[in-house]
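Peer 1: Got a sequence here, can you build the structure:
(chains A and B)
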Amino acid sequence: MLRLRLCMTTYYEFLLMHKYVLALLLLSAPATAATAQNVEFSKDQFGNDKEGLKTAQKEIKLGDEFYDLDPPRYEQALPHYLAAQKFNPNNAQLNLKIGDSYLHSGFKPRALEYLQKAYQLNPDVDPRIHYLLGRGLHLNAKWDEAIAEYKRATPAAGAKNTAGFTQEIQKKIRECENGRKLAAKPSRVFIDNAGPGVNSPYPEYGPVITADESVILFTSRRPGSTGDQKDPETGGFMEDIYTSTRTTQGNWVGARNLSQPVNTEGHDATVGLSPDGQRLLVYLEENGGDLNEANLRGAEWRKPQKLGSRINSKAHESSAAYTPDGRSLYFVTDKEGGIGGRDIYRIEIEGRGPAVNLGSTINTQYGEEGVFLHPDGKTMYFSSEGHNSMGGYDIFKSVYQNGKWSPPENLGWPINTPDDDVFFVISASGRHGYYSSFRDDGLGSKDIYQITFLGPEKPPLLSQEDQLLASRVQPVKETLLAPPVAIASAQVTILKGVVTDEASKQPTEATIDVIDNSLNQVIASFQSNAQSGRYLVSLPSGVNYGIVVRKDGYLFHSENFDLPAGAAYSEVVKDIALKKLDVGVKVVLNNIFFDFDKATLRKESTGELERLQKLLTETPALRLEISGHTDNVGKAEYNKDLSQRRAKAVVDYLVTKGIDKGRLTFAGYGDAQPVAPNTTKAGRQLNRRTEFKVTGK
Amino acid sequence: MKKTLFLSATLLLAAGAARAQVDTVRATTLPPAQLAEKLYNSGVAKYNQKSYRAALQDFDRALAAKPDFAKAYYNRAAVRYELKDYQPAVQDYDQAIKLDPSTFGSYFGRAQAREALKQPAEAEQDYGKATELKADYAPAWYYRGALRFEKADYQAAKADFDAAVKADPTYAYAWHDRGSAQRQLNNLPAAIQDYTQALKLQPELLPALLNRAATRRRAGDLKGALQDYNDYLAKKQDNALAYTNRGSTRFEQADYKGAVEDFSKAVALDASYAFAWNNRAAAYLKLEDYQRAEADATKAIALNAQYAEAYLNRGHAREMLRQPDAACQDWRKAAELGLEIGNTHAANSGCGAE
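Peer 2: Take a look at the predicted model:
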């Protein structure tokens, strides 16, 4: 089970662990502090309801058993205390305990009313009261009042680490100041419960999504978990991983347990998912907390495998995210040698080098958690207790540009709250984010929430007119220019679809190579799903991409996506039917480029030409006709000639690379064989092409 | 209401300046025995009594008696203008000019008739001719300036208004309209000065207050603008436009509640004033009252189905009311109507492909 604060003991947590001692001290002090309003659980007060008093005292005792444990189990103590509170709501000590327990529960803001009551009943209820009131106010976003209480908080008498206490108070005050600033300018978002297709009355958290937001995986502690065991520590069900899918209306439906072998009898928690949803990162409580990877084969998730010792150490590895090419991993560990607390590192999965700490722009002396990389490959979201957090962990965003990370930007109120906000993921479009939170509109316990980013405020437009000419009745409309608005769109293209066998129409597993045409380099390779044929690749803007879909026994299929830097988000669905090598089959070579109006091959064509060369070398009997085609713009004669010269250029290239001239013919068809109507720009684009036809094998 | 004010102002001005050409002075110097001249003088008298039908008959008879009587054509044209028979008026001016091409008044009169016939190019030419024949006749400059202003040639309009105030420095309308030309040319301080001068010459020229307010607002002087609007509204409470524009100024001052009050007064005065509905929608957006914003924008669209800004604003409201598809439709419609920014909003809000 993922614990946020496993290795951090704040001053007061230290105190709380030794609360038992403290409680004894308090008991031994003479009970003179009681003010007029404080009502003790005693016969003097409740002589006429001895039964009730007895029950209430029993509840307090039961509560104390959990409360005084080391570490305390506040959430288990709470129901007992609340039962006693019903009988006598005016006991300072009980109110304090309820407040303190709420401060350590999921619903922290509820602490405040009890703490305030405890203080009102007896200002000397506890030496920690100002600190606790500060916490309660802070967690209710009452920034200024919280600061005032923090300032009144004093270290306990005889405490050794007063410097630590002062530092902690100062940090909390800074957090309140940050909160005040951030809350003054709220982020424009909708925060919606992800609904019963994901959430249950039990805890849900750790959402991870595919880039196109079609599939979600998450961790839940609901009944029916694998092994059906309860956590002896907390009494809750063990963590299991579940999945749901999104309908076209945008609702999540059909939560389903991932079952074995991914889910085990112990805790199994989601950490990260590749953009195409084929690789899942799982957290297991082994070796101090380790990261594992599970792969989807067809419809089956394979057993998670450990991620090697370059990533997993004896320390706590808790969170990770893939880069869009799937070759590197960002992950969180608290191993020694970091900047402080948990830090974020980056590592090449297949490489040999060690993980690299992202440095002090990102990592602080406080904890960092929940790293997520946007499919654009350069925008990172993570949580931190440092930077300008408004309390606990806040979610931040940083962009890698010009070789460095930009200063982390707090996602702001109301996404971030004074409590911990962690494990945030966002869709490739940048439109929706997901995280988990305790909220009053939840289905119970912690739930997964969907954040809709509305972007910068959309300025309303006013109209104005004036009678500009004294001798005219007609007013003249004044054109007030609309102020410019920021383009919030993510800069990535999501290409997805289904790979099928053209003949059988059946989905098939194939390799999808993503190539940088100008470098003639394969950037990433993915597999389409063996059962569904589905694939998804994210293409960050700024590259001329060749996409090659290949499978043994089939002709390769090529697509081109030239995405200039800054190209806005788009989602392209491209179903690909792979063709077997047969006489008469035609394949379009989408990654062959010529200079404008010339038959000179551009260097970005090299990769495609090499693939063609390789195909001819590997299949010695193969004979091809290379043909050029144009749209219907310009003179037919000219188009025919140009297309012929271009086809010849391809043949000439292959011949210089040692392919027998006799196996190749070339032809220029001009606009005679259109594959799309020439009436649209897109159609004309499709018609301008180089293709080959199998003439013999 | 404002319509009446301006129409009467125009007529007063026209009667005072242009129609002064209907003169009886010379007629009295004519030999008494001449029939045509007698009829002519009778026509002039009837014209001055506003008995236009009777005047027309006199001039008809005068012209029957003396077909080359240029002044009779000229005056019959003026009568016909009053009777709104603009085309026959133009024909009479044609005759007058044919017989006596040196009288600037015929050109000026024909220009006015042609303006009434909605022939601005021809009117502009005639005013030009009038200014050539009589450069110190301010109204000819003024009216040509107005025409040039209307075809958005503000530089040329300003030059004409310059000439008008030079010919007649007490010509409040010319000062006013030069202010407007300056404003369109983005010479805001100069515009404010001209409006101020117009107000000094003619304190009841209230539109100058509105225009100075708008100009001050554009120059960033929101306080000054509000003062002008307040002064105007202290004198005149029946103008929806004035309330609307003060509302917009309050909006700019981030006084959205005050803005809503003004826009509400505007729609109470004139429920068909689409701008006020749209602007109130904008203010409700700022007040995060999206229901009302949506309703007001819808009302504005009902009044003007081509109202791009109202579609845009309604899109914003609908987005916040959790009607994303309807919002996308509105933004796209706004873009279709010329507000390109609608497409940006649609793209930013994940409206998907068109």
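Peer 1: for the closest residue to residue A:416 other than its chain neighbours, phi and psi?
Peer 2: Ranked by CB to CB, 6 or more residues apart in numbering or on different chains and with sequence neighbours excluded, the top spatial neighbour of residue A:416 is residue A:394, at 4.1 Å. Just so you know, the C-beta spots here come from the backbone N, C-alpha and C atoms, and that holds for glycine as well. Main-chain torsions, residue A:394, degrees, to the nearest 10: phi -120, psi 160.
Peer 1: Share the number of residues neighbouring residue A:394, please.
Peer 2: Residue A:394 sits with 32 neighbouring residues when counted by other CB atoms under 10 Å in any protein chain shown.
Peer 1: hey, where'd the strands end up in the stretch 151-300 of chain B?
Peer 2: Using DSSP state E, counting those that start in this stretch, no strands are found in the stretch 151-300 of chain B.
Peer 1: Name the residues of it found near chain A, please.
Peer 2: B:172-173, B:176-177, B:180, B:183-184, B:198, B:205, B:207-208, B:210-211, B:214, B:241, B:244-245, B:248, B:251, B:274-275, B:278-279, B:281-283, B:285-286, B:293 (CB under 8 Å from any CB of the partner chain).
Peer 1: What sits closest to residue B:296 if chain neighbours are left out?
Peer 2: residue B:281 (3.8 Å).
Peer 1: cool, and residue B:292?
Peer 2: residue B:284 is the one closest to residue B:292 (CB to CB, 6+ apart), at 4.4 Å.
Peer 1: Surely the one you found touches residue B:290?
Peer 2: Yes - Residue B:284 lies in contact with residue B:290 (CB atoms under 8 Å); the separation is 7.3 Å.
Peer 1: Overlap in contacts, the two.
Peer 2: residue B:317 (CB atoms under 8 Å, 6 or more residues apart in numbering or on different chains).
Peer 1: Provide the count of other residues in contact range of the residue nearest to residue B:292.
Peer 2: 25.
Peer 1: what's the answer for the one 5 residues further on, then?
Peer 2: Other residues near residue B:289 come to 18 when the count uses other CB under 10 Å.
Peer 1: so what pLDDT did it get?
Peer 2: Model confidence at residue B:289, given as pLDDT, is 97.
Peer 1: And for residue A:478?
Peer 2: Confidence for residue A:478, expressed as pLDDT, is 68.
Peer 1: before we move on, the earlier item: what residues does the residue nearest to residue A:416 make contact with?
Peer 2: The contact partners of residue A:394, by CB under 8 Å, 6+ apart, come to A:383-385, A:387-388, A:410-411, A:416, A:421.
Peer 1: so it bridges to which residues?
Peer 2: On the basis of DSSP bridges, residue A:394 is bridged to residue A:384.
Peer 1: Relative to chain B, how far out is it?
Peer 2: Separation of residue A:394 from chain B (CB to the nearest CB, to the nearest Å) stands at 24 Å.
Peer 1: Most proximal residue of chain A with respect to chain B?
Peer 2: residue A:460 (3.5 Å; CB to the nearest CB).
Peer 1: tell me the contacts of the closest residue in space to that residue that isn't next to it in sequence?
Peer 2: Residue nearest to residue A:460 in three dimensions, not counting chain neighbours: residue B:282, with 3.5 Å by CB to CB, 6+ apart. Taking CB under 8 Å, 6+ apart as the contact definition, residue B:282 lies against A:460-462, B:251, B:293, B:313.
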